[in-house]
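> Below is the sequence, then the predicted model.
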Amino acid sequence: QVQLVESGGGLVQAGGSLRLSCAASGRTFSRYAMAWFRQGLGKEREIVAAISWGSGGSPYYADSVKGRFTISRDNAKNTMYLQMNSLKPEDTAVYYCAARSLIAVEGVHDYDYWGQGTQVTVSS
């Protein structure tokens with residue numbers, strides 16, 4: 001079992017930056033692939049970025065955030081991060097962290113554990 005708690009959301013102007021954190025419980029954090037998803041109002045939940053177990057390998061990014069967002073993990077702190085730069089109004093959503101065993105994949109239904117979400121609002 002893994003429990004996930006997101007933090008770091010808030011209101012920011014377009015062009016600004018935020019860093020989201022996802023703190024995980026348990027002693028085997030390094031064995032989980034981690035991901036960030038987001039869900040805008042009236043939209044389906046979509047993947048933002050994902051990182052595999054251990055050192056993470058080559059992270060996955062959705063095309064919409066490539067070059068602006070960076071996913072990382074600190075296994076010693078049981079924490080995953082999402083650095084978001086050059087934010088746009090279309091990035092406004094509830095951001096969720098998620099975990100699954102070992103390998104990062106893109107499908108929302110492939111993740112077993114979810115946080116409660118944190119709201120990110122980007123004003124124009």
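Happy to help now that I have it.

> Please, where are all the helices along the chain?
Listed from the start of the chain, the chain has no helices (DSSP state H) to report.

> Can you get me a residue count around A104?
Residues near A104, counting by other CB atoms under 10 Å, number 25. The way it works is simple: take the backbone N, C-alpha and C, and place the C-beta from them, glycine included.

> State the distance from it to K43.
If you measure A104 against K43 using CB to CB, to the nearest Å, the figure is 22 Å.

> Check R73 too.
According to CB to CB, R73 stands 26 Å off from K43.

> Which one's more surrounded, the two?
The neighbour comparison of R73 against K43 (other CB under 10 Å) goes to R73, with 24 against 9.

> Pull the contacting residues for the nearest residue to Q39 once chain neighbours are set aside.
In this structure, Q39 finds its nearest non-sequential neighbour in R45, 4.3 Å apart by CB to CB, 6 or more residues apart in numbering. With contacts defined as CB atoms under 8 Å, 6 or more residues apart in numbering, the neighbours of R45 are F37, R38, Q39, Y96, V108.

> If any of those are buried, put those into a ChimeraX selection.
One line in ChimeraX is enough to select the buried ones among the contacts of R45; burial here means 16 or more other CB atoms under 10 Å:
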select :37,38,96,108
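
> Contact partners for Y96?
Counting by CB under 8 Å, 6+ apart, Y96 has contacts E6, W36, F37, R38, Q39, R45, W114, G115, Q116, G117.

> Identify, from those residues, the entry nearest to T92.
Minimum separation from T92 among these (CB to CB) is found for R38, which lies at 8.9 Å.

> how about the nearest residue to the closest one once chain neighbours are set aside, what does it touch?
The shortest distance from R38 to any residue that is not its chain neighbour, by CB to CB, 6+ apart, is 3.8 Å, and that residue is A93. Each residue near A93 by CB under 8 Å, 6+ apart is listed here: R38, Q39, G40, L41, K43, Q119, V120.
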